[in-house]
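Trainee: need a structure here:
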Amino acid sequence: MPLTLITHPLIQHKLTILRDIDTGVKIFREVVGEMSMLMCYEAMRDLPLEEVKVMTPVAEATVMALAGKKLALVPILRAGLGMVDGILSLIPSAKVAHIGLYRDPDTLQPVEYYCKMPPDIAERDCFILDPMLATGGTAAAAAQFLKDAGARSIKLLTLLSAPPGVEKMEEMHPDVEVITCAVDGHLNNHGYIVPGLGDAGDRIFGTK
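Mentor: Numbering: from 1, shown residues only. Below is the predicted model:
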């Protein structure tokens, strides 16, 4: 499974802001959006281009433009919603699917409660969005939902990962590229990434 670790200084600096327990909801939410936008450059590095002609103020020019590739953002509810707007600011034409999963606190297994996708999802390059890749259960389930719907091109964008989650994706979906900003040491008994940044959903939406 391809694993891409983004080590750009701006990304790492912003990740440190997210880790800080003193970072409030407003700043946390804004930084998640900013990091997602920056990650978008890496995640979409292989989008195809085509030559087009435009008239500049000086002369006609033959230049490059995106070749009309269909894209779909697939946030895992609810924390993945925090990553959507940053990417849409760069690619406003992308469709947005939604997959609702939560992790059972006792079994740590994913439980589905909602799934809504564009009817042409099989024709789109899909980008799963979830700030945390901890056990990997929810990300693996989301990737399977997309495959069951016919999707063939899938990438996972996650701000922070742990080895069990990376291993789970490698085991279940070796064809799905994982793009992340850090891989932390381990999970605690509650399935939280250590040192991590806490519960991303609670910190994005201020629910704890």
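
Trainee: Scan the protein for its longest helix.
Mentor: Of all segments of type helix in the chain, defined using DSSP state H, the longest is helix 25-43.

Trainee: Show me how far it is from its chain's centre.
Mentor: Remark: helix 25-43 is offset 10 Å from the chain centroid, using CA atoms, centre = their mean, to the nearest Å.

Trainee: For residue 18, identify the helix or strand it belongs to.
Mentor: Secondary structure assigned from DSSP states H and E places residue 18 in helix 9-19.

Trainee: in that helix, what counts as buried?
Mentor: Going by neighbour count (16 or more other CB atoms under 10 Å), the buried part of helix 9-19 is 11, 14, 15, 17, 18. (C-beta placed from N, C-alpha, C; glycine too.)

Trainee: hang on, the earlier thing: helices or strands up against the longest helix of the chain?
Mentor: Contacts defined by 3 or more CB pairs under 8 Å, 6 or more residues apart in numbering; DSSP states H and E place helix 25-43 against helix 9-19, helix 84-88, strand 153-158, strand 177-180, helix 200-205.

Trainee: Tell me which other helices or strands the helix or strand following that helix touches.
Mentor: Proceeding C-terminally, helix 25-43 gives way to strand 49-55 as the next helix or strand, assigned by DSSP H and E. Here strand 49-55 touches strand 60-66, going by 3+ CB pairs under 8 Å, 6+ apart.

Trainee: returning to what we had before: please list the outside residues in contact with the helix holding residue 18.
Mentor: 23, 27-28, 31-32, 34-35, 38-39, 159-160, 181-182, 195-197, 203 (CB atoms under 8 Å, 6 or more residues apart in numbering).

Trainee: Mind checking which of those are buried?
Mentor: Of the contacts of helix 9-19, these count as buried by 16+ other CB under 10 Å: 23, 28, 31-32, 34-35, 38-39, 159-160, 181-182, 196-197, 203.

Trainee: would you turn the buried residues of helix 9-19 into TSV with distance to residue 56 and pLDDT?
Mentor: Listed next are the buried residues of helix 9-19 as TSV, based on distance: CB to CB, whole Å; pLDDT from 0 to 100:
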residue	distance to residue 56	pLDDT
11	33	96
14	35	97
15	39	97
17	39	97
18	41	97
